[in-house]
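Asks: What shape does this take:
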Amino acid sequence: MNQTTNNTIYGLDVKTTIDNTTFLILNIAFEHFFKPLPRHSHGNNSYELHYIPNGLGQAVIDGSSYELTPGTLYMTGPHVEHEQIPSPMDPMTEYSIYFQLQEEDALLVFSGSTADKFLKKRFWIGPDTQNLGVLMEQLFYELKYKYTGYMIQVEALLQQCLVKVVRNYEGNRFSKQHFAPSNLIDGKTLIIERAFLYHYETITLENLAKTLGLSVRQTERFLKNITARPSAEKTRSPNVCGKNLSDRQTPEHHADCGETELLHIPTFHPGVSTALRHHCQ
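Replies: Below you'll find the predicted structure:
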């Protein structure tokens, strides 16, 4: 058998953080095994991900034997002895990632977090259900070509690997942690933008104020705060004098309808400028 190898090994110093827990990634490798990998283990706070994309073999882990086939994932934690024996007829290939948790972080891991679930599992083996092979290919693509932003991509992909390992452990359990809802200011800004985008022909200041839960005066001020351009930029102000938002006079409009600060209404639709801007009469 031709034993030409295309092994790729990256010795790195990459840090990635999950749940305020920092993992140090020291080694990322793709290897084709033609000879057995001798029994060995890793030290405290050290974990190794093994993913078999092709070929066959056997893993002996803490004295027990396991078959390795395409799509097998196994994780080995601190002091777990493991060795690999490739099939002579179809030697396996393997992606591996070596993670190390910094000693000071080991005592601060939040119970029940994704990082905690990853670290508590000393050993796991089974078929990958999370498409880790695709992530591995993307990871090696980024490391090979090093295009703009590749370091950001590598860190993000490593975070995904950690998460997907835990999902393999759990079988896609629902998370108990969720995003916070939008805050009051950001929420009101989005309401205003959608109003100008979808209701630009009929919106009134009074209706917008009611939707926001503000007074008309407060709404005027809020609009100014989120839409006004720098004061150095001068232009003619729209005359907003009637009931419609497009007709109501803004506080900064001069009595002689002269030069004023621009109240820049977002023009999310071509009709917005027509509906909201016209000259003083």
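Asks: got a list of what Lys35 touches?
Replies: If a contact means CB atoms under 8 Å, 6 or more residues apart in numbering, then Lys35 has Pro86 as its contacts. The C-beta positions use only the backbone N, C-alpha and C, and glycine is treated the same way.
Asks: er, Val166 actually
Replies: Per CB under 8 Å, 6+ apart, neighbours of Val166: Thr114, Lys117, Phe118.
Asks: what helix or strand is the spatially closest residue to it that is not a sequence neighbour on?
Replies: In space, Val166 comes closest to Lys117 once its chain neighbours are excluded; the distance is 4.8 Å by CB to CB, 6 or more residues apart in numbering. Using DSSP states H and E, Lys117 sits in helix 114-120.
Asks: and for that helix, what are the contacting residues?
Replies: Here helix 114-120 makes contact (CB under 8 Å, 6+ apart) with 18-21, 23, 47, 77, 101, 106, 109-110, 162-163, 165-166, 169-170.
Asks: Show me the residues you listed that map onto strands.
Replies: Among the contacts of helix 114-120, the residues falling in strands (DSSP state E) are Ile18, Thr21, Phe23, Tyr47, Leu101.
Asks: how about those residues in JSON lines, adding pLDDT, neighbour count and distance to Gly55?
Replies: Shown next, in JSON lines, are these (pLDDT from 0 to 100; neighbours: other CB atoms under 10 Å; distance: CB to CB, whole Å):
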{"residue": "Ile18", "pLDDT": "87", "neighbour count": "18", "distance to Gly55": "31"}
{"residue": "Thr21", "pLDDT": "87", "neighbour count": "21", "distance to Gly55": "34"}
{"residue": "Phe23", "pLDDT": "92", "neighbour count": "23", "distance to Gly55": "28"}
{"residue": "Tyr47", "pLDDT": "96", "neighbour count": "22", "distance to Gly55": "23"}
{"residue": "Leu101", "pLDDT": "87", "neighbour count": "20", "distance to Gly55": "31"}
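Asks: Quick one: the strands in the stretch 151-281 of the chain, in order.
Replies: Assigned by DSSP state E, counting those that start in this stretch, the strands in the stretch 151-281 of the chain fall at 234-236, 259-261.
Asks: least reliable of those going by mean pLDDT?
Replies: Within the strands of the stretch 151-281 of the chain, the stretch with the lowest mean pLDDT is strand 259-261, showing a mean of 38.
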